[in-house]
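Q: Build the 3D model from these lines:
(one chain, ligands or ions: 1)
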Amino acid sequence: MARIIDGKKISAAVRAEIAERAEKLKEESGVTPGLAVILVGDDPASKVYVRNKGRACAETGLYSVTVELPAETTEEALLAKIRELCEDEKIHGILVQLPLPPHIREQAVLDAIPPEKDVDAFHPENVGHVMIGDYRLLPCTPAGVMKMLEIENIPVAGKECVVIGRSNIVGKPMAMLLLHANGTVTVCHSRTKNLAEVTRRADILVSAVGKAGFVTADMVKEGAVVIDVGMNRNAEGKLCGDVDFGPVSEKAEAITPVPGGVGVMTITMLLENTVRAAEAFVRAGRT
Ligand code: NAP
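A: Next up is the predicted model:
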């Protein structure tokens, strides 16, 4: 039976360190790390994520504001709001909750967030830093996975790592971080042939597909580490990952649950990025 990698427990420890860093910065410079989250529209899942982010900031001693805009907000109005937050000295991190309504160009919005306040690390400049391995702000979900592996003492160097999914948000940066940690990385997607043959080679298997029950036990090597990034609803409407948890945990050495795994770490890394951005702001002498 697999060891459960407990995202909540790891998060609590990491958040305690983040709170200490935030407190130290406040004492030394008078600056409280501040995060602005912009939500356009009233998607219920996005509302929950945004609320959780605000709560996590408050619990860690960070300042946060939530900007809620109606679904019919124009792209120009959203860009104007971002420009306003860029000028706000109390705000060190800006995040626009995705997805955006279809009339707003996502890339135009992501490009408008200055790299130093881009706590999601989706700006092309930050994407480039991730590619080079010269990290500034790290994309939260892949960074959360790496933190879990580190804290659980799961070495990556020399390991066969298979990532299912190639999105800009999860799959691609996940592959990059594993590669920089000296894993031998394979990225799979919907056109991959003989997927199970590839995934069965994995010492570390990361699934970021978005389909409940997608990773079945026959796709997993005995003794593998299985990281489930998926956030789906099963037939009963309950939150679940991509991995068929019961049978896979019989074979895996370690596994992340959903909920209580990667999701909570994503928010933790967002807090970390906000503190990091505020520390850089102070270092640049902008207080
Ligand atoms: P996405 O943009 O929809 O990407 C899904 C990826 O899965 C694509 O690359 C797609 O391949 C691949 N895929 C789909 N069907 C496949 C199949 N049959 N075989 C192999 N690959 C297949 O999704 P995302 O934004 O990366 O998110 C993935 C999941 O992670 C979702 O459930 C999302 O909710 C969750 N998520 C969780 C967190 C967290 O904090 N835990 C954060 C972000 C996302 P193609 O590229 O070929 O289409």
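
Q: What's the mean pLDDT across the helix or strand where Glu76 lies?
A: Secondary-structure assignment from DSSP states H and E places Glu76 in helix 75-87. In this model, helix 75-87 has a mean pLDDT of 97.

Q: Would you mind pulling the contact partners of it?
A: Contacts with helix 75-87, where a contact means Cβ atoms under 8 Å, 6 or more residues apart in numbering, come from 36, 38, 40, 67, 69, 91, 94, 96, 100, 103-105, 108-109, 112-114, 117. The C-beta positions use only the backbone N, C-alpha and C, and glycine is treated the same way.

Q: Quick one, which of those residues are buried?
A: Neighbour-count burial within the contacts of helix 75-87 applies to 36, 38, 40, 67, 69, 91, 94, 96, 100, 104, 109, 112-113, 117; the criterion is 16 or more other Cβ atoms under 10 Å.

Q: Pick out the most distant pair among the residues you listed.
A: Farthest-apart pair in the buried ones among the contacts of helix 75-87 is Ile91 and Ile104; separation 20.8 Å (Cβ to Cβ).

Q: can you list the residues of this protein near the ligand?
A: 141, 164-167, 169-171, 188-192, 195, 208-210, 229-232, 262-263, 266 (Cβ under 6 Å from any ligand atom).

Q: Those in helices, which ones?
A: Members of the residues of the chain next to the ligand lying in helices (criterion: DSSP state H): 141, 171, 195, 262-263, 266.

Q: Dump those into JSON lines; add distance to Gly246 as well.
A: JSON lines is the format used below for these (distance: Cβ to Cβ, whole Å):
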{"residue": "Thr141", "distance to Gly246": "24"}
{"residue": "Gly171", "distance to Gly246": "25"}
{"residue": "Leu195", "distance to Gly246": "21"}
{"residue": "Val262", "distance to Gly246": "18"}
{"residue": "Gly263", "distance to Gly246": "20"}
{"residue": "Thr266", "distance to Gly246": "24"}
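
Q: looking at this, Leu25 is in a strand?
A: No - Leu25 sits outside any strand when classified using DSSP: H, G, I helix; E, B strand; the rest coil, being helix.

Q: Please determine how far the spatially closest residue to Ala277 that is not a sequence neighbour is located from Ile169.
A: Using Cβ to Cβ, 6 or more residues apart in numbering and skipping residues adjacent in sequence, the residue nearest Ala277 is His92, 4.2 Å away. For His92, the distance to Ile169 equals 21 Å [Cβ to Cβ, to the nearest Å].

Q: Compare the two and say which is more crowded by neighbours.
A: Legend: neighbour count by other Cβ atoms under 10 Å for His92 and Ile169, higher for His92 (29 against 18).

Q: domain assignment for this structure?
A: 31-114, 140-263 (automatic domain parsing).

Q: all strands of this structure, in order?
A: 3-4, 34-40, 63-69, 93-96, 160-164, 184-188, 204-207, 225-228, 232-233, 239-240, 254-255 (DSSP state E).

Q: Let me have these in a markdown table, extended by mean pLDDT.
A: Listed next are these as a markdown table, based on pLDDT from 0 to 100:
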| stretch | mean pLDDT |
| --- | --- |
| strand 3-4 | 98 |
| strand 34-40 | 98 |
| strand 63-69 | 97 |
| strand 93-96 | 98 |
| strand 160-164 | 99 |
| strand 184-188 | 98 |
| strand 204-207 | 99 |
| strand 225-228 | 98 |
| strand 232-233 | 94 |
| strand 239-240 | 95 |
| strand 254-255 | 98 |
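
Q: Dump those strands to JSON lines, plus distance to Ala121.
A: Below are the strands of the chain laid out as JSON lines (distance: least, Cβ to Cβ, whole Å):
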{"stretch": "strand 3-4", "distance to Ala121": "28"}
{"stretch": "strand 34-40", "distance to Ala121": "14"}
{"stretch": "strand 63-69", "distance to Ala121": "18"}
{"stretch": "strand 93-96", "distance to Ala121": "10"}
{"stretch": "strand 160-164", "distance to Ala121": "17"}
{"stretch": "strand 184-188", "distance to Ala121": "19"}
{"stretch": "strand 204-207", "distance to Ala121": "18"}
{"stretch": "strand 225-228", "distance to Ala121": "19"}
{"stretch": "strand 232-233", "distance to Ala121": "24"}
{"stretch": "strand 239-240", "distance to Ala121": "25"}
{"stretch": "strand 254-255", "distance to Ala121": "26"}
